[in-house]
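In: Turn this into a model:
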Amino acid sequence: MSDAYAIQIAGSTVGIVARDRQDKTFNFFAATREFNALEGCRFLDPIAAEQAARHLRKHGSPPSQRRVQI
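Out: Sure, this is the predicted structure:
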């Protein structure tokens, strides 16, 4: 598994996630202001980050449980 992934929605990059080597979660870094609400959030995997980004775009706010509980 790679250490970083681009998160794309409809062909546009909205952010990247990078693996945190200590706890093995993925940290989100927003590529546009629209996704700043997810900046610094931790996800179990890139798919969870993409789902949160899609939710944010659709609803205008991040999902209620956007941080990983470790």
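
In: Disregarding flanking residues, what is the spatial nearest neighbour of L56?
Out: Sequence neighbours aside, P62 is the residue nearest to L56 in space, at 5.1 Å (criterion: C-beta to C-beta, 6 or more residues apart in numbering). C-beta here means a position set from N, CA and C on the backbone, and glycine is covered the same way.

In: and the most centrally placed residue in the chain, backbone torsions?
Out: Centroid-nearest residue in the chain: A49, 3.3 Å away (criterion: C-alpha atoms, centre = their mean). With angles defined as degrees, to the nearest 10, A49 sits at phi -70, psi -40.

In: any idea how far it is from T13?
Out: Going from A49 to T13 by C-beta to C-beta, to the nearest Å gives 12 Å.

In: between those two, what contacts are shared?
Out: I7 (C-beta atoms under 8 Å, 6 or more residues apart in numbering).

In: got the residue ranges for the strands in this protein?
Out: Ranges of strands within the chain are 4-9, 12-19, 26-30, 42-43, based on DSSP state E.

In: Please point out which parts of the longest one sit buried.
Out: Put plainly, it is strand 12-19. 14-17, 19 (16 or more other C-beta atoms under 10 Å).

In: Would you reformat the residues you listed as JSON lines and include distance to L38 and pLDDT?
Out: Converted to JSON lines, the buried residues of strand 12-19 look like this (distance: C-beta to C-beta, whole Å; pLDDT from 0 to 100):
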{"residue": "V14", "distance to L38": "9", "pLDDT": "98"}
{"residue": "G15", "distance to L38": "7", "pLDDT": "99"}
{"residue": "I16", "distance to L38": "11", "pLDDT": "98"}
{"residue": "V17", "distance to L38": "10", "pLDDT": "98"}
{"residue": "R19", "distance to L38": "16", "pLDDT": "97"}
